[in-house]
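Colleague: sharing a model prediction with you, sequence too.
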Amino acid sequence: MNCPKCSHEVPIGQRNCPACETFIGFPNVRIASDPKEVGELELRWKSAEASAVARKCEKQLLAFTTKVENDSKAVISCSELELLQMMESGRLKISYHRQIESGQRQPEENFWDQNRDTVDTKLFPGFKDDIVFAALSLDGKGIRGYGSAMITLRSDLIEDRAMVFHENSVVFVDKR
């Protein structure tokens, strides 16, 4: 991408132009907004709609879509200890990769942690350390496997920098 102000080439993982320092947007949002990505998402959505029609579930799909659009919240799940550390430091949860880098956490010997570095490098080139994952929730509850403490994020504070996957990113990449 080129900077809209000075036309200097901006690496994919940068938020600001390296030449003039103009903020050009969050890299994950720029990637997700690429016309090719938007087109692929539209194809997946049309497939889901066709499936709902074939199963005579159009009303349920519409009701669910409306509920998600109006009532869903981004929720981060963490351990109670992590929540306490965040409260003491005044900082929101740090990313998985920064936790590993700082020694605060060790990768577990499971499918998810064994694939996470490769997947995140592919999906978030040059900025994977900045990505914090949350789940969309209709009831304020997050994914218990990540911990029993739940933090609901304010939509107005994340709307310009957040993107949504319809499934776990490791599963998403594994399927494709």
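Modeller: Cool, the structure landed.
Colleague: with adjacent residues omitted, what lies nearest to Val132?
Modeller: What sits nearest to Val132 in space, not counting adjacent residues and going by Cβ to Cβ, 6 or more residues apart in numbering, is Ser95, at 5.1 Å. All C-beta spots, glycine's among them, are computed from the backbone N, C-alpha and C.
Colleague: what about that neighbour, neighbour count?
Modeller: Ser95 has 17 neighbouring residues, counting by other Cβ atoms under 10 Å.
Colleague: any idea of the pLDDT on it?
Modeller: We have a pLDDT of 90 for Ser95.
Colleague: over to the one 10 residues further on?
Modeller: On the pLDDT scale, Arg105 is placed at 87.
Colleague: got a list of what it touches?
Modeller: Tyr96, Gln99 (Cβ atoms under 8 Å, 6 or more residues apart in numbering).
Colleague: neighbouring strands for the helix or strand encompassing Ala74, and are they parallel or not?
Modeller: Ala74 is part of strand 73-78 when elements are defined by DSSP states H and E. Applying DSSP bridges to the sheet, strand 73-78 is found paired with strand 135-137 (antiparallel), strand 149-152 (antiparallel).
Colleague: give the buried residues for stretch 27-37.
Modeller: Using 16 or more other Cβ atoms under 10 Å as the test for burial, stretch 27-37 gives Pro27, Asn28, Arg30, Ile31, Ala32.
Colleague: okay, these in CSV with distance to Glu69 next?
Modeller: Listed next are these as CSV, based on distance: Cβ to Cβ, whole Å:
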residue, distance to Glu69
Pro27, 25
Asn28, 21
Arg30, 23
Ile31, 22
Ala32, 17
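Colleague: out of the residues you listed, name the ones that lie in helices.
Modeller: When DSSP state H is applied, the buried residues of stretch 27-37 are split such that Pro27, Asn28, Arg30, Ile31, Ala32 fall in helices.
Colleague: can I assume the third one is in contact with Arg15?
Modeller: No: taking contacts as Cβ atoms under 8 Å, Arg30 lies outside contact range of Arg15: 9.3 Å.
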